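# Mind folding the following:
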Amino acid sequence: MKNATIAVGTMLVVQVMISISVLSLGVMMPAIAADLAINPKLVGVFTALTYAVAAGTSLAAAGPIVRLGAVRVCQFALVMAAIGLAVNAIAMVAATVVSVLFIGLAQGPINPAAAHILAQRVPRQWFGTVFSIKQSGTPLGFALAGVIFPALLAVTDWRGASLIAGAAALAAAIILEPLRPRLDVVVVAAKPSQGIWHSFRFVMTHPQLKVLGWAAFAYVIAQHTFTFYLVTYLYQQNGMTIAQAGALLSASQIAGTVLRLVSGWLGDRFSRLKLLGWSGIAMTVGCVATSLLAPDSSFWLVTVVIVGYGAAVISWNGTSQAEFAHLAPPGEVAAVGAVQNALAFSGAVVGPPLFAVIASFASYRLAFLAVAACLLAVAVWQIVAARRPVVT
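Next up, the predicted model:
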């Protein structure tokens with residue numbers, strides 16, 4: 001049990017640090033865009049580049065995780081994040097592009113690495129709770145980013161803030177080293193993967209995992225359009241300051257963290273597929289409500305809607321990863337988890353740029369309503385699929 005606790009805590013910290021790095025550009029985008037003379041809506045393009053690299057890295061991660069150890073792979077990811085943040089401080093558009101590519105390299109292997117470690121140390125009946133605890137590092141990291149970067153901008157510029165965050169990621173990679181022998185010893189002895197394309201075919205032909213995979217694709221579209229556009233949306237549409245919008249982002253992430261833990265606990269007791277379907281219904285309602293916010297909406301109405309939608313849209317991923325791990329064949333948790341990760345990251349590649357196009361040429365309202373339509377479709381699909389017998 002002690003080893004399991006250390007593993008969960010370690011993976012949680014890594015997830016927090018990577019998430020802070022990933023959201024750094026989104027939170028600081030109004031300041032970065034002003035200095036570089038670019039449209040702040042380009043955050044969608046930068047986000048797509050990050051997750052395009054992350055999707056490819058995720059698919060390639062299973063082999064190195066087995067050969068080198070999951071903690072070593074996490075250290076590599078933290079170093080890539082540090083390099084990306086440092087490059088961003090060069091303050092050139094080309095440097096920002098290179099920066100997000102490095103951060104994509106950092107983001108890709110984290111979830112497969114964590115799944116490989118945790119699946120060997122945690123009883124299956126606790127997968128939902130434990131994976132949700134680990135995955136709460138994403139909203140916690142995003143919440144910290146929403147507070148840390150505006151605070152740093154008050155005492156330095158965005159270049160300095162990027163360098164400080166990069167130094168923190170590098171320090172985290174170094175701190176992990178004493179834990180590596182304890183956590184990687186089981187991973188090195190694990191059964192080798194049969195190949196990532198074998199796992200991809202397995203997921204795409206499995207009646208439950210196929211639905212879960214495409215739902216992850218759609219849910220990440222919603223999660224990332226919300227997370228990466230919220231500060232810019234509230235700044236441009238509602239006249240909020242970066243600090244005010246960042247505070248609402250942080251509040252939504254904290255609420256989402258709580259709901260993610262509740263979802264994980266419920267997933268250990270009820271059908272995860274059905275739970276994820278009804279979570280999608282809640283996301284749909286929140287997305288529609290967000291689209292209806294007006295420039296003169298009261299601060300408290302905006303707060304209720306944003307925190308409510310944010311909590312729903314952030315709650316799902318730990319439960320989804322737990323079901324993927326539960327249904328994966330023995331010795332294939334990292335590879336099957338990598339497929340879920342790649343499908344989810346593909347949503348982050350497709351969603352934000354399309355959202356940016358719709359918001360730029362039509363309106364934010366129409367962009368959010370398009371996301372709501374996707375959410376409703378996969379939510380209903382999961383609820384229907386949950387009625388069928390589970391294939392294990």
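# When you work out contacts or count neighbours from here on, use the C-alpha atoms and nothing else.
Noted.
# Now do the contacts for Ser58.
If a contact means C-alpha atoms under 8 Å, 6 or more residues apart in numbering, then Ser58 has 108-110, 112, 338-339, 341-342 as its contacts.
# again, only using 6 Å
By C-alpha atoms under 6 Å, 6 or more residues apart in numbering, the contact set of Ser58 is 108-109, 338, 342.
# now the helices: where do they sit in the stretch 251-392 of the chain?
272-291, 299-314, 317-327, 333-361, 364-385 (DSSP state H, counting those that start in this stretch).
# Show me the one of those that comes nearest Ala154.
When the helices of the stretch 251-392 of the chain are compared by C-alpha to C-alpha, helix 299-314 sits nearest Ala154, at 22.9 Å.
# Packing partners of that closest one?
Using 3 or more C-alpha pairs under 6 Å, 6 or more residues apart in numbering; DSSP states H and E as the contact test, the elements touching helix 299-314 are helix 242-267, helix 272-291.
# mind redoing it with 10 Å?
helix 137-155, helix 207-237, helix 242-267, helix 272-291 (3 or more C-alpha pairs under 10 Å, 6 or more residues apart in numbering; DSSP states H and E).
# Mean pLDDT added to the ones you listed, as CSV?
Written out in CSV, the entries for these read as follows (pLDDT from 0 to 100):
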stretch, mean pLDDT
helix 137-155, 86
helix 207-237, 88
helix 242-267, 85
helix 272-291, 93
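# Ok, which of those helices comes nearest Val130?
Across the helices and strands packed on helix 299-314, the minimum distance to Val130, taken as C-alpha to C-alpha, is reached by helix 242-267, at 7.5 Å.
# Tell me the buried residues in stretch 75-91?
If you call a residue buried by 16 or more other C-alpha atoms under 10 Å, then stretch 75-91 has these buried ones: 75-89.
# What are the phi and psi values at Pro123?
phi -60, psi 150 (degrees, to the nearest 10).
# try the one 4 residues further on
Backbone geometry at Phe127, expressed as degrees, to the nearest 10, gives phi -60, psi -50.
# Same check on Val122?
Dihedral angles phi and psi of Val122 (degrees, to the nearest 10) take the values phi -120, psi 130.
# so it sits right up against Ala322, yeah?
No: in this structure Val122 lies outside contact range of Ala322 using C-alpha atoms under 10 Å: 11.1 Å.
# Which of those two has more residues huddled nearby?
Neighbour totals were compared for Val122 and Ala322, and Ala322 leads with 27 against 18 (other C-alpha atoms under 10 Å).
# from the chain's centre, how far out does stretch 170-184 sit?
Centroid separation between stretch 170-184 and its chain, computed with C-alpha atoms, centre = their mean, to the nearest Å, is 22 Å.
# can you give me the end-to-end distance of that stretch?
Separation of the first and last residues of stretch 170-184 by C-alpha to C-alpha, to the nearest Å is 20 Å.
# Report how many residues lie close to Phe324.
Phe324 is surrounded by 25 other residues when neighbours are defined as other C-alpha under 10 Å.
# nope, Leu376 is what I meant
For Leu376, the neighbour count with other C-alpha under 10 Å is 19.
# Which per-residue confidence value corresponds to it?
pLDDT, Leu376: 96.
# show me the contacts for Ala86.
The neighbours of Ala86, taking C-alpha atoms under 10 Å, 6 or more residues apart in numbering as the test, are 80, 95-96, 99, 159-167.
# so what's the backbone phi/psi at it?
Dihedral angles of Ala86 (phi, psi; degrees, to the nearest 10) stand at phi -70, psi -40.
# And for Gly108?
When quoted as degrees, to the nearest 10, the phi and psi of Gly108 stand at phi -60, psi -50.
# which residues touch the residue nearest to it when sequence neighbours are not counted?
Among residues not flanking Gly108 along the chain, Ala54 sits closest, at 3.9 Å (C-alpha to C-alpha, 6 or more residues apart in numbering). Contact partners of Ala54, counting by C-alpha under 10 Å, 6+ apart, are 48, 60, 101-110, 341-342, 344-346, 348-349.
# and Leu261, how many neighbours?
For Leu261, using other C-alpha under 10 Å, the count is 24.
# Grab the nearest non-local neighbour of it.
The spatially closest residue to Leu261, leaving aside those adjacent along the chain, is Ser132, at 5.5 Å (C-alpha to C-alpha, 6+ apart).
# Run the angle between the one helix or strand that neighbour maps to and helix 299-314 for me.
For Ser132, the element it lies in under DSSP states H and E is helix 127-135. Note on geometry: by axes from the mean of the first three to the mean of the last three C-alpha atoms, to 10 degrees, helix 127-135 and helix 299-314 are set 120 degrees apart in direction.
# That's all I had, so thanks and see you.
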